[in-house]
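[1] Pasting a predicted model and its sequence here:
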Amino acid sequence: MKLMESVKESVVNLGLDPNKARLLLTGLHTCGGLGSSLVRLFVNSPSVRAMCNVACCYHLMEEEFVASPFSDDASAPSDFPMRSYLQKAHIGLGKASRNIACLSVHRMAAEKQLQGKSFYSRALLEKIIHDVVGDVGNGGQKLRKLEKRSKSLYDYMVKAFTRLGLPTDKVTRDLVEDYDKRYSHVRHQLAAFVQLRAVLAPCIESLILLDRYLYLLEQDDIQDVYLTQLFNPVVSPRCFAIIATKRN
């Protein structure tokens with residue numbers, strides 16, 4: 001509703017008639033729910049006659065049939081699913097699937113090396129915390145990108161314990177090296193798991209984009225809808241645009 005009011009206000013401020021104005025609505029890498037909001041704005045605003053939207057950050061979307069821990073507004077329209085067929089089927093993705101949709105299998109292939117180093121470090125950290133301290137709940141969300149800023153595995157462990165507010169006196173260099181040797185055999189297993197997850201990314205992203213594409217086709221006044229690749233997926237993993245026009 002706020003986007004609708006903003007468009008109407010902008011049209012009026014330009015001295016145009018909202019019922020006669022012909023606007024193009026564009027969005028580059030519209031984050032999370034902004035992508036679906038732009039689609040609805042295009043459908044419901046008489047002034048907007050064409051749209052070109054490239055979405056991103058699917059992990060920040062709100063789903064109708066998957067509860068979000070970050071939102072308690074049940075009246076707000078969901079970002080997925082939008083198409084009536086998927087709504088009737090109560091289709092849901094979940095946060096893990098939406099996270100996977102943000103991965104870039106093309107970029108991984110271009111780098112020609114196994115991914116998953118940070119997965120191993122994080123898994124080893126979880127094991128050490130479990131054995132030395134116990135469960136720390138959801139505190140692990142504070143550790144994003146910490147591994148990239150650490151000089152070594154031991155340095156990462158000390159920084160992680162410090163950031164989580166855990167005692168670091170038991171995290172010795174010998175302890176970390178011992179755990180690293182004991183579980184080094186799982187490095188390639190975790191790397192293989194990461195590659196397998198990445199292979200699923202285009203499938204999940206396609207489902208999200210096709211849901212919006214088909215939602216547009218369900219509308220009576222939509223003339224043409226296209227789903228097309230605009231960018232090199234290695235440079236810009238979110239490279240697909242939904243382009244649509246209304247009938248005259």
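    That came in fine, so what should we check first?
[2] Doesn't V54 belong to a strand?
    Yes. Residue assignment for V54, taken from DSSP: H, G, I helix; E, B strand; the rest coil, places it within a strand.
[3] Break the chain down into its domains, please.
    Under the assignment named as automatic domain parsing, the residue ranges that make up the domains of the chain are 23-109+200-246, 117-194.
[4] for those domains, which one ends up most surrounded?
    Relative to the other members of those, domain 23-109+200-246 carries the highest mean neighbour count by mean count of other Cβ atoms under 10 Å, namely a mean of 17. Backbone N, C-alpha and C define where each C-beta goes, glycine included.
[5] Take the domains of the chain and lay them out in TSV including mean pLDDT.
    What follows is the domains of the chain, written out as TSV (pLDDT from 0 to 100):
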stretch	mean pLDDT
domain 23-109+200-246	92
domain 117-194	85
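[6] Output the contacting helices and strands for the biggest helix by length in the chain.
    For the chain, the helix with the greatest residue count under DSSP state H is helix 187-217. With contacts defined as 3 or more Cβ pairs under 8 Å, 6 or more residues apart in numbering; DSSP states H and E, the secondary structure elements packing on helix 187-217 are helix 34-44, strand 48-56, helix 84-88, helix 95-101, helix 105-111, helix 117-132, strand 222-229, strand 240-246.
[7] want to try a markdown table for these, with distance to Y215 as columns?
    Putting the helices and strands packed on helix 187-217 into a markdown table (distance: least, Cβ to Cβ, whole Å) gives the following:
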| stretch | distance to Y215 |
| --- | --- |
| helix 34-44 | 7 |
| strand 48-56 | 12 |
| helix 84-88 | 8 |
| helix 95-101 | 17 |
| helix 105-111 | 26 |
| helix 117-132 | 35 |
| strand 222-229 | 9 |
| strand 240-246 | 10 |
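[8] Of all those, which one is nearest L28?
    Evaluated over the helices and strands packed on helix 187-217, closeness to L28 peaks at strand 48-56, with 5.3 Å, by Cβ to Cβ.
[9] Give me the contacts around the closest one.
    7, 22-31, 35, 38-39, 41-42, 102, 208-209, 212, 230-231, 238-246 (Cβ atoms under 8 Å, 6 or more residues apart in numbering).
[10] Find the helix or strand that the closest residue in space to L143 that isn't next to it in sequence is a member of.
    Nearest in space to L143, with sequence neighbours left out and distances taken as Cβ to Cβ, 6 or more residues apart in numbering, is A160 at 5.5 Å. When elements are defined using DSSP states H and E, A160 is found to belong to helix 153-163.
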